[in-house]
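Undergrad: Here is the input, now give the coordinates:
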Amino acid sequence: MDKYRVTLAEDERAQLTQMVSSGKAAARKLTHARILLLADDSLEQEHTDEQIVQALGTSLRTVARVRQQLVTQGFDFALLRRPQPPRPDKVKIKGDVEQRLVELACSDPPLGRCHWTLQLLADELVALGVVERVGIETVRQALKKTTSSPGSSRPGASRPTRMPSTSGAWKT
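TA: Model prediction:
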């Protein structure tokens, strides 16, 4: 016996049927609509969760979650996408920290090293107290976006070279 039984009202069923038949909605929303239509017990066409999974190619967890959302939080919540949780700012190194990183990367490496590695730069930023913690990928991304050559307005370590023509035409 299912923990969450789906029983749709006539207007809800009509809305879902119209949405699925038109196909003009987000794929996730259409999949949830199909799950609810197949899980509806009011039409006496009982489908198990395994049958719904086979018919739609989703997972058991998705079917169970849609059932639960409909019963506990309502029709609209089961169809609509939940807002994503707030994330910290994607750019970790900016402003003064970025300037300090570039200065550090342009300076002489520590004794016993011939050049700075990303791990050395990350460790040095933490040791200097510039940041609390930082990963090597964050350091790499911050250095990648800087202009390496002072004489060039384009970012990157080297300028692109012109390739010779492969057309076989004579140069004049």
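Undergrad: Please count neighbours and contacts with C-alpha atoms only from this point.
TA: Fine.
Undergrad: Show me where this protein dips below the pLDDT cut-off.
TA: Within the chain, the stretches falling below the threshold (pLDDT under 70) are 1-2, 90-91, 146-172.
Undergrad: repeat that for 50
TA: Low-confidence segments of the chain, defined by pLDDT under 50, span residues 1, 151.
Undergrad: I figured Ile52 hits Leu37, correct?
TA: No - because the distance of 9.9 Å does not satisfy Cα atoms under 8 Å, Ile52 is recorded as not touching Leu37.
Undergrad: elements contacting the host helix or strand of Gln18?
TA: Taking DSSP states H and E as the criterion, the element that holds Gln18 is helix 10-22. When contacts are defined as 3 or more Cα pairs under 8 Å, 6 or more residues apart in numbering; DSSP states H and E, helix 10-22 sits against helix 27-39.
Undergrad: From the chain's centroid, how far away is the very next helix or strand once past the helix it packs on?
TA: Moving toward the C-terminus from helix 27-39, the next helix or strand (DSSP H and E) is helix 49-56. Relative to the mean C-alpha coordinate of its chain, helix 49-56 is positioned 27 Å out (Cα atoms, centre = their mean, to the nearest Å).
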